[in-house]
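Trainee: Quick one, fold the following:
(2 chains)
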2 protein chains.
Amino acid sequence: MADIEYAVGVDLGGTTVKVGIADEKGKIVKKIALDTHAHEGPEAVIAQIKKAIKKVLKESKYNISGIGIGSPGAVILKKGTVENPPNFPGWGKVHLGAIIKKEFKLPVFVENDANAAAIGEMIFGAGKKLNSFVMVTLGTGVGGGIIIDRKLYRGESGAAGELGHISIDYKGEQCNCGSYGCIETYLGNNYLIRRVRKELENEQDSLLNKWVMEEEMPLTPKLIYEAACENDLYANSLIADIGLKLGAALGSVINLLDIPNVIIGGGVAGFSHRLFNSVNESLTERVLKPIKPKIKVKPARLKNEAGIKGASALVYYKS
Amino acid sequence: MADIEYAVGVDLGGTTVKVGIADEKGKIVKKIALDTHAHEGPEAVIAQIKKAIKKVLKESKYNISGIGIGSPGAVILKKGTVENPPNFPGWGKVHLGAIIKKEFKLPVFVENDANAAAIGEMIFGAGKKLNSFVMVTLGTGVGGGIIIDRKLYRGESGAAGELGHISIDYKGEQCNCGSYGCIETYLGNNYLIRRVRKELENEQDSLLNKWVMEEEMPLTPKLIYEAACENDLYANSLIADIGLKLGAALGSVINLLDIPNVIIGGGVAGFSHRLFNSVNESLTERVLKPIKPKIKVKPARLKNEAGIKGASALVYYKS
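Mentor: Predicted structure coming up:
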């Protein structure tokens, strides 16, 4: 076991910090999850991260090459500094990389979580054989990462890849970020659920209406998908509409970057072929002629523990 | 004169082919313009290009390092092949680079005209000191080029940088390219002039109305600018609206690429500070917080003969 390389992956979330040990192929051999204690401020969060890392490393005989951390918020790469992650009150700038490095005497690589997801797909997942691709992660927020020639494209200050804040309607709803009509205002979980809740008032025949209103099931992307699988008309038209909009944003990205490969991950991506068909249809209408025949949209391959895998991939990526 | 390096720049347009000799600083020492004869097909166009190059080279004692060609349409870099340039009937694929190289026995560099404009600004103009920037060219079409770390970003097949086909309204007017709400459908000259012509019917008090309807002056971006300089309310509100929309497209680009430097060139950019103020205002609303303080939008510095200068810069760029 000692000659195989292993890496620790830390998936820092607003409510849970998940830590695991993954091998060079992304297989997780050990893992743990702790409450993040985000509301208690940065010191409490750091204590939880350390505690979780210690727990997975305890009595482990793995040959650990380093620790990768996928964090929300803007990450300043050189210093491993995490700035103002949303849902982490009181952070400002935290030198997370340096703190963890000092504690564990191992190389530490900190990256924005969406960028880590892109690197994870490149090293372990659907991007293994792709030279360049655009990764979109659909969740509470809509994030992204851009891989060009097998390298993460970071931009001038490491903030590149914010696909969620591509606007598809300059006079659309105002986004949390201050801009208007960002794709996140259509696909971000909270925005999406709010929209569905409103529309269900006029969709008496929808299964979703029955499940949510009468049976009081919680309204989630997964529930919407289940209704679509039962051929619910409303759920299917909703997914088609989401796909059209995601295709509009991705169409602009592809026309700008001439990168025809797209990987979609995260909760809403669980809408499966229903979503992908609609994204493809929208892209076919919107992408410029010379690039159109090359469009390829794939679901992310890292599903369970994608966060830990993406974070551990940072150690193997080392760039 | 023999030890200074010179380059030939060919600016291939739908109606005119302009050819000049430029020194290493972008100063044009000799130039000529001929009718392109685009409607007569590729052979006639190539004959005109050769004729124009011969004319500028005739009796010239300049030490010529190569020939740069800025062409409309998709350019396949390695072969110098030009594919389906708009307004050039009957082209398909033309091996322009190889043909010109064979004729003149000089290194030949062919690039899409918007990319050549970006390289021109990097080598001779407003991008001389910038590491990375986004270039937008406003004209009949809206084009662009992306410079990352002093290199033109070409994408997977050399088609990158199509800023004109960033959509700002997924359900907007259909663009010539097939997509909807592309920024070109708002700022491309023909679209813009058509819009103004329509709006002027309800703008009886506008100077433009008087100039165009009564004095039968041709409606051009320049005329709109002149009306704005006379404090014409309609012309000013139009320019503000164009700036807002251009800012919406650029906001998405900046959020995606984390490149806060933008250079705007071409006819409509002549709207000057009136346009730039409005673009800046729109960007300030739309760009993500960590990038916002770094936004810098500048007018292109190559104005007269920007096409020749950009094309000749391809020789000095050599990448």
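
Trainee: Find the least confident helix or strand in chain A, judged by mean pLDDT.
Mentor: Every helix and strand of chain A was ranked by mean pLDDT, DSSP states H and E. The lowest is strand A:74-76, at a mean of 79.

Trainee: helices and strands around that strand, which ones?
Mentor: With contacts taken as 3 or more C-beta pairs under 8 Å, 6 or more residues apart in numbering or on different chains; DSSP states H and E, strand A:74-76 sits against strand A:81-83, strand A:108-112. To be clear about C-beta, it is placed using only N, CA and C from the backbone, and glycine gets the same treatment.

Trainee: how far out from the middle of the chain is that strand?
Mentor: Distance of strand A:74-76 from its chain centroid, counting by C-alpha atoms, centre = their mean, to the nearest Å, is 16 Å.

Trainee: Ok, stretch A:281-301 next?
Mentor: Distance of stretch A:281-301 from the chain centroid (C-alpha atoms, centre = their mean) equals 21 Å.

Trainee: buried stuff in it?
Mentor: Of the residues in stretch A:281-301, A:282-283, A:285-288, A:290-291, A:295, A:297-301 count as buried by neighbour count, 16 or more other C-beta atoms under 10 Å in any protein chain shown.

Trainee: now the end-to-end length of that stretch.
Mentor: Distance across stretch A:281-301, first residue to last, is 22 Å (C-alpha to C-alpha, to the nearest Å).

Trainee: that older thread, which of the buried residues of stretch A:281-301 lies closest to residue A:74?
Mentor: Among the buried residues of stretch A:281-301, residue A:300 lies closest to residue A:74 (C-beta to C-beta), at 22.6 Å.

Trainee: one step back: so which of the helices and strands packed on strand A:74-76 is the most surrounded?
Mentor: Of those, the one with the most neighbours on average (mean count of other C-beta atoms under 10 Å in any protein chain shown) is strand A:108-112, at a mean of 27.

Trainee: Give me the contacts around that one.
Mentor: The contact list for strand A:108-112, computed with C-beta atoms under 8 Å, 6 or more residues apart in numbering or on different chains, reads A:66-75, A:77, A:80-82, A:96-98, A:100-101, A:119, A:143, A:145, A:152, A:158, A:161, A:311, A:314-315, A:317-318.

Trainee: Can you tell me which of those end up in helices?
Mentor: Under the assignment DSSP state H, those contribute A:96, A:97, A:98, A:100, A:101, A:119, A:311, A:314, A:315, A:317 to helices.

Trainee: Counting neighbours, what do you get for the residue of the stretch 1-150 of chain A at minimum distance from chain B?
Mentor: Going by C-beta to the nearest C-beta, chain B is nearest to residue A:74 of the stretch 1-150 of chain A, at 4.9 Å. Neighbourhood size, residue A:74 [other C-beta atoms under 10 Å in any protein chain shown]: 21.

Trainee: Bridged to it, which residues?
Mentor: residue A:83 (DSSP bridges).

Trainee: go on, residue A:261?
Mentor: Taking DSSP bridges, one obtains residue A:296 as the residues bridged to residue A:261.

Trainee: Can you tell me the SS state at residue A:290?
Mentor: coil (DSSP: H, G, I helix; E, B strand; the rest coil).

Trainee: didn't it look like it was pressed against residue B:83?
Mentor: Yes. In terms of C-beta atoms under 8 Å, residue A:290 counts as a neighbour of residue B:83; the distance is 7.0 Å.

Trainee: Find the residues that touch each one of these two.
Mentor: In contact with both residue A:290 and residue B:83: residue B:74, using C-beta under 8 Å, 6+ apart.

Trainee: Now for residue A:77: which residues touch it?
Mentor: Residue A:77 touches A:110, A:111, A:154, A:158, counting by C-beta under 8 Å, 6+ apart.

Trainee: Then residue A:6?
Mentor: Contacts for residue A:6 (C-beta under 8 Å, 6+ apart) come out as A:21, A:22, A:23, A:24, A:29, A:62, A:63, A:64, A:65.

Trainee: Would you list the buried entries among those?
Mentor: Among these, those buried by neighbour count (16+ other C-beta under 10 Å) are A:21, A:22, A:23, A:24, A:62, A:64, A:65.
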